[in-house]
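[1] my questions concern the predicted model and sequence given below.
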Amino acid sequence: MPTSTLVAYIDRVPDEILLMILKLAMRNEYEFFPELCVQAIRSRRGGRLESEYKSAVRYFSLLQQSTHLNDWCIANRTSRRIRTMGREAFFSSKVFTVSSSFPNKLRNGTFSAFGNAFQQRLALRYIRYIVFEDAATTKPTLFLELPKIVHTLPQLASVVLWFGRGTSKTCRHIPEKDLKEFPMMLKQLFGDIGLASGAKLQVSLGYGLQWAEFEWGLGCYIYPRLRNRAALEAVKDPAWDTS
C-alpha cells in the first residue's frame, strides 16, 4: 500500500480508535529503561572512554530496548496527528523501569530525552506502570518519599519496588511470578504517611535475596522510620490540635 494511501486511511480513523490502536501497538511486556538508554547512547557518541566490555554491555542493552526506542521514533516522527496522540500512547503503555529520582527529573524538566519541559510533563501525566530499580531495605529514603512520588503520577496503575538489582546495567525482565504484593504492615504504614493511591503495589526480589531476609530488613530499617514519619504526620494533623 502506498504511503499516501495509508496516511489518507489513518486520517479517516476517529481519534479514540487511533489512540487505542497506538496503545496496543506500543504495549510490551518487557520493561523500558529510559535512563539506561540515554547513558548507552551518550557513551556510544563518544561522551567518554569506556572499556570494551562495558561498551559491549551498554550496546547489548540498547539492542534489548530497540522496540521501545522504535516506538518513541514513531510517536515523534510520524504525522502531526500521530505525534499528538503517540506520546500519550507511549507513556501510558510502557512499563518504565527507572531510578526513584526519575519523576523528579520530569517534574523539573531535566530529562531532555523526552523533549522540552511540556513533553516531560506529559510523561508525568500519562505514565501508568513504573518500576523503581534502586529500592533497598537499608535505604529508607525511597520509602519515605514514595507518597510524594506517586502523587506526581496521577494515572499510575502499578508500582513495583525492585530490591537487590545491584549494580547490573543490563535490562533484565521481571517475570510475573517474581512479583509479590506489599507486606500488610508496609501497606498500612504507607497509608499512615499519606500514600492514598489506587495503584497496585508490588515488590520484586533480585537474585539471591530471600523473602525472609527482605522482611528482616524492613523490620530493622524501614518500619521504624515509617512509624516515626507517621507520628510526625499525626502531630501536624489539625485533628490533633487541642489548643
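    Received the coordinates, thanks.
[2] tell me the buried residues in the strand or helix carrying L146?
    Under the criterion DSSP states H and E, the helix or strand holding L146 is helix 141-151. Buried residues in helix 141-151, counted by 16 or more other CB atoms under 10 Å: L142, F143, L146, P147, I149, V150. C-beta coordinates here come from the backbone N, C-alpha and C atoms, glycine included.
[3] nearest to H68 among the residues you listed?
    I149 (22.0 Å; CB to CB).
[4] got the contact list for that closest one?
    Contacts for I149 (CB atoms under 8 Å, 6 or more residues apart in numbering) come out as S100, P103, N104.
[5] quick one: the last one from L142, how far?
    N104 is 12 Å from L142, where distance means CB to CB, to the nearest Å.
[6] tell me the helix or strand right after the least confident helix or strand in the chain by mean pLDDT.
    Every helix and strand of the chain was ranked by mean pLDDT, DSSP states H and E. The lowest is helix 52-64, at a mean of 57. Counting by DSSP H and E, the next helix or strand C-terminal to helix 52-64 is helix 66-77.
[7] what's that next one packed up against?
    helix 15-26, helix 80-93 (3 or more CB pairs under 8 Å, 6 or more residues apart in numbering; DSSP states H and E).
[8] deepest of those, which one?
    helix 80-93 (a mean of 19; mean count of other CB atoms under 10 Å).
[9] what angle do that one and helix 15-26 make?
    Using axes from the mean of the first three to the mean of the last three CA atoms, to 10 degrees, one finds that helix 80-93 and helix 15-26 are set 60 degrees apart in direction.
[10] can you put the contacts of I149 in CSV and add pLDDT and neighbour count?
    Output for the contacts of I149, formatted as CSV (pLDDT from 0 to 100; neighbours: other CB atoms under 10 Å):
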residue, pLDDT, neighbour count
S100, 91, 19
P103, 94, 25
N104, 93, 15
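[11] okay, those in CSV with secondary structure next?
    Converted to CSV, the contacts of I149 look like this (DSSP: H, G, I helix; E, B strand; the rest coil):
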residue, secondary structure
S100, coil
P103, helix
N104, helix
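[12] who's in contact with the helix or strand R125 falls within?
    According to DSSP H and E, R125 maps onto helix 117-126. With CB under 8 Å, 6+ apart as the test, helix 117-126 has contacts from 87-88, 91-92, 103, 105-107, 109, 111, 114, 152-155.
[13] L18: which of those is nearest?
    Using CB to CB, E88 is the member of the contacts of helix 117-126 that lies nearest L18, at 10.9 Å.
[14] nearest residue to the closest one other than its sequence neighbours?
    Among residues not flanking E88 along the chain, Y126 sits closest, at 5.2 Å (CB to CB, 6 or more residues apart in numbering).
[15] tally of neighbours for that neighbour?
    If you count neighbours by other CB atoms under 10 Å, Y126 ends up with 19.
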